[in-house]
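> from the sequence below, what's the structure:
(2 chains)
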Amino acid sequence: MCARKTMNSRRDFLKQMSGAALAAGAAPSLLTGALPQGQSVEFPGEDGMVLRSFRFVDLETPVEYFNTWLTPVPHFFVRNHMYEPAQLDAPDWRLSVGGEVEKPLTLSLAEFSKLETHSVVNTLECAGNGRSLHRPQVPGIQWGKGAVSTARFSGPRLRDVLERAGVKPTGKHVMFRGLDEVPGKVPPFIRSIPIEKAFNSDTLIATHMNGSPLTKHHGYPARALVPGWIGAASCKWLSEIKLLDAEFVGNFMNPAYRFPNQPVQPGDAVKPEDTHPLTALSVKSVIAGPSDGASLKVGKVAVHGAAWSGEADIMKVEISTDGGTTWNPAKLGHEQAHYAWRLWSYDWKATKSGDYIILARATDSQGRTQPSTPVWNPSGYLYNAVDQVKIRVA
Amino acid sequence: MDGPVVVPDAKKLLARGFATLALLLLLAAAPFSALAQKPADASVVAELPAGAMQGKANAACLECHEARIILQQRLSKAAWTKEVDKMMKWGALVDPADRDALIDYLSANFSPDQPAYDPQRTSEKTGSAKSSK
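Numbering: from 1, shown residues only, chains lettered A, B, ... in the order given. Have a look, this model is predicted:
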C-alpha cells in the first residue's frame, strides 16, 4: 500500500517547524495566532462553506445553497472523523476483498475501472446533522442544518465485486475500512453493513461524483456509497472489504452511531445494550429561504427548500406561515430519484407586516411525518423536527 | 463568542508575521498532501481561551484536533468529564493530577449558558452560484 508516513499531529507539525520558528523561540504563539471572528478562511476547492473544523476537515453546506437538485462538489458537505490519507497515488491504490469469501481479491484502480459502472443520485446526510439544535446539547461536531447534500455517484456495484470474490454462506456483514489516518489511540474508522444492503443493486463503490472523479475530501479514489443510509455507512478512501459472520465490533459501530430502542427523556443516559445501529435516514425537510432572521417587504415571498427520507419517497411537504395553525401544500420539484431529496417551493403572499414563524414539514411514502419536537438522544443523531425560520415582514 | 476570542495585540501580530514566514518555509519543505490538512496560514488557527490550563489543554487536545472542535461545544460538567476521560483513553496526554482542572477549565469556558458559537465560512469563489430566490 502507499506510504503511510505523514505529518499528522501537532507534535509532528512542531518538529517540522523546528528549523525555522522554534529556533526563534516564537513557536507557541505562532500556532495560536488570534483570529478575528467572521473572517473567511481560504480553503481550496471549497466554496463559502461553514467551517466546523479545519483539522480534521468538517465543512457544512449553508442552507441557502439548497437550491439545486445536485449539489456542486465545492458546496457538498465534508465529514471526516480523522485525517485524510496523506498520500494517495492512483497507481498504488488497491482494494482488497477478503474474509468469508471463496476467492480473496485485490483490485488495482485499472482493474476496478473495467467493471460495469452504475449511477445513483443520492442524498448523503451525516447522522449528526442538526446536532446543535438538540437540548440539552450533546458532544460532537455541532452541525447546523447543512450536513446534507445530493450528488450523482457512479462506480461499480458493490454486488459485482462481492460476486467476483464469491461470498460464503457465513458472510453476513460487509466491513469497510478506509485509509483515514488515525491520531493517538483513536479506534480506526471501520464499519459494516448487512449483506442484504450490500447486495442491493444501488449500493456502489463510487469513483465519481457528478461526473468527475471523487475529490480527496470525498474519498478519492473510491468510497462506499450506501444509498439512503447515514453518511458514516459510506466509508471514504476505501481500501479493504471484508466479509464477516456478524456485525463488525468496534467504536464506530458501538457505542457510536447507535440510537435508543425506546424513546428517552432529554438528558437521560442510555445503555449500549438498549440501542441499535443507525441505518436509513429519517423523513426531513429544511427551509433554504427565506433565511432565518430575514427582514422582507410586504408582498410575494418564495418559501423554498429541500426534503428527503432515506430509503422512502417524499409524498408531501406542507408549509405553515402562522406558526403551525394552518398548513398549505408546497409544490414539489420535477427532479426526483429514489434516494434523492426533492426540492420544493411555496409562494406566499405576505399581506400584513409583522413577525412570522414559517414552518415546513415533510411526509414520506411510509406515512412518516416530521415530529413537532426533536427526538432527543444522547449523541444527537437524526434530528428531524419540523423546520422553522423566523422572519419580519415590514 | 466572548471566551475564546482574543483581540490580537502587537506582540501577537508580530508573531503571526513570523508564523507566516515559518509556514512559507514549511510549504516549501513538506509534501502538499500533508499540508492540505493543515492551516496554510496562521490566520486560520483558532485558539483556546486564556487561563491557567490553556497551555496544558493545548498540549493535550490540539495534538490531534484543532481548537474549533472544542470552541463549538456547550456541555455540562458531567458531559465534559466523559469527553476528557474518553480522550485520555484515546491517547490525550493529561497528567492525572491535571484531569480535574482540565475538566473545570472546559466546563467554565464551554458551558451551555455561554453564547452560541459563531462559525467562520470558507472564502467564496467569485461568480459562484448562490441562492437568489
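> and residue A:220, what is it in contact with?
A:88, A:213, A:214, A:237 (CB atoms under 8 Å, 6 or more residues apart in numbering or on different chains). Where C-beta positions appear, they are placed from N, C-alpha and C, glycine not excepted.
> filter those residues to the buried ones?
A:88, A:214, A:237 (16 or more other CB atoms under 10 Å in any protein chain shown).
> could I get those as JSON lines with secondary structure?
Listed next are the buried ones among the contacts of residue A:220 as JSON lines, based on DSSP: H, G, I helix; E, B strand; the rest coil:
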{"residue": "A:88", "secondary structure": "coil"}
{"residue": "A:214", "secondary structure": "coil"}
{"residue": "A:237", "secondary structure": "coil"}
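> which one of those sits closest to chain B?
residue A:88 (7.4 Å; CB to the nearest CB).
> give me the subset of the buried ones among the contacts of residue A:220 that also touch chain B.
Counting by CB under 8 Å from any CB of the partner chain, residue A:88 from the buried ones among the contacts of residue A:220 sit close to chain B.
> looks like residue A:231 contacts residue A:123 (just checking).
No - counting by CB atoms under 8 Å, residue A:123 is not a contact partner of residue A:231; they are 9.9 Å apart.
> could you count how many residues lie near the residue in the stretch 151-300 of chain A that chain B sits nearest to?
Here the residue of the stretch 151-300 of chain A nearest chain B is residue A:184; by CB to the nearest CB that distance is 2.7 Å. Using other CB atoms under 10 Å in any protein chain shown, residue A:184 has 17 other residues around it.
> wait, what's in contact with it?
A:9, B:63, B:64, B:90, B:91, B:92.
> name the nearest residue to it, sequence neighbours excluded.
Of all residues not flanking residue A:184 in the chain, residue B:91 sits nearest, at 2.7 Å (CB to CB, 6 or more residues apart in numbering or on different chains).
> in which helix or strand would I find that neighbour?
Using DSSP states H and E, residue B:91 maps to neither a helix nor a strand.
> now do the same for whichever residue of chain B sits closest to chain A: its pLDDT.
Per CB to the nearest CB, the residue of chain B with the smallest distance to chain A is residue B:91, at 2.7 Å. Per-residue pLDDT puts residue B:91 at 95.
> wait, doesn't it sit right on residue A:182?
No - counting by CB under 8 Å, residue A:182 is not a contact partner of residue B:91; they are 9.6 Å apart.
> so what's the residue count around residue A:386?
So residue A:386, with other CB under 10 Å, has 19 neighbours.
> again, but for residue A:369
15.
> what stretches of chain B score poorly on pLDDT?
Along chain B, segments meeting pLDDT under 70 span B:1-43, B:126-133.
> domain-wise, how is it divided?
What automatic domain parsing lists as the domains of chain B is B:1-45, B:50-114.
> and what of chain A?
Using automatic domain parsing, chain A is parsed into the domains A:78-277, A:284-393.
> quick check: which of those domains is nearest to residue A:56?
domain A:78-277 (4.4 Å; CB to CB).
> now do the closest one: distance from first to last residue.
22 Å (CA to CA, to the nearest Å).
> report the rounded mean pLDDT for it.
Per-residue pLDDT over domain A:78-277 has a mean of 97.
> how far off centre is it?
Between the centre of domain A:78-277 and the centre of its chain there are 10 Å (CA atoms, centre = their mean, to the nearest Å).
> ranges for the helices of chain A?
A:10-17, A:27-30, A:109-113, A:158-165, A:195-198 (DSSP state H).
> now do the fourth one: everything it contacts.
Pointing back at helix A:158-165 there. With CB under 8 Å, 6+ apart, helix A:158-165 has contacts from A:95, A:97-98, A:101-105, A:107, A:115-116, A:174, A:198-201, A:203-205, A:224, A:241, A:243.
> buried residues of it, list them for me.
In helix A:158-165, counting by 16+ other CB under 10 Å, buried: A:158, A:159, A:161, A:162, A:165.
> would you turn these into CSV with distance to residue A:312?
Compiled in CSV, the buried residues of helix A:158-165 are given as follows (distance: CB to CB, whole Å):
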residue, distance to residue A:312
A:158, 21
A:159, 22
A:161, 27
A:162, 26
A:165, 31
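> identify the bridge partners of residue A:83.
residue A:181 (DSSP bridges).
> what's the neighbour count on it?
Counted with other CB under 10 Å, residue A:83 comes out at 24.
> for residue A:333, what are its contacts?
So residue A:333 contacts A:69, A:342, A:343, A:344, A:345 (CB under 8 Å, 6+ apart).
> tell me which of those residues fall in strands.
Secondary-structure check on these using DSSP state E: residues within strands are A:342, A:343, A:344, A:345.
> alpha carbons of stretch B:61-79, as PDB, please.
Extracted as PDB, the C-alpha positions of stretch B:61-79 are listed here (Å, rounded to 0.1, in the frame of the first residue of the first chain):
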ATOM      1  CA  CYS B  61      -6.200  18.400  23.000                       C
ATOM      2  CA  LEU B  62      -4.600  20.100  20.000                       C
ATOM      3  CA  GLU B  63      -2.200  17.300  19.400                       C
ATOM      4  CA  CYS B  64      -4.900  15.500  17.400                       C
ATOM      5  CA  HIS B  65      -7.500  18.100  16.500                       C
ATOM      6  CA  GLU B  66      -7.900  21.800  16.300                       C
ATOM      7  CA  ALA B  67      -9.400  24.300  18.800                       C
ATOM      8  CA  ARG B  68     -12.700  24.800  16.900                       C
ATOM      9  CA  ILE B  69     -13.800  21.300  17.800                       C
ATOM     10  CA  ILE B  70     -13.700  22.500  21.400                       C
ATOM     11  CA  LEU B  71     -14.900  26.100  20.900                       C
ATOM     12  CA  GLN B  72     -18.200  24.900  19.400                       C
ATOM     13  CA  GLN B  73     -19.200  22.700  22.300                       C
ATOM     14  CA  ARG B  74     -21.700  23.800  25.000                       C
ATOM     15  CA  LEU B  75     -21.600  21.000  27.600                       C
ATOM     16  CA  SER B  76     -22.300  20.300  31.300                       C
ATOM     17  CA  LYS B  77     -19.500  19.400  33.600                       C
ATOM     18  CA  ALA B  78     -20.800  15.800  33.600                       C
ATOM     19  CA  ALA B  79     -20.500  15.700  29.800                       C
END
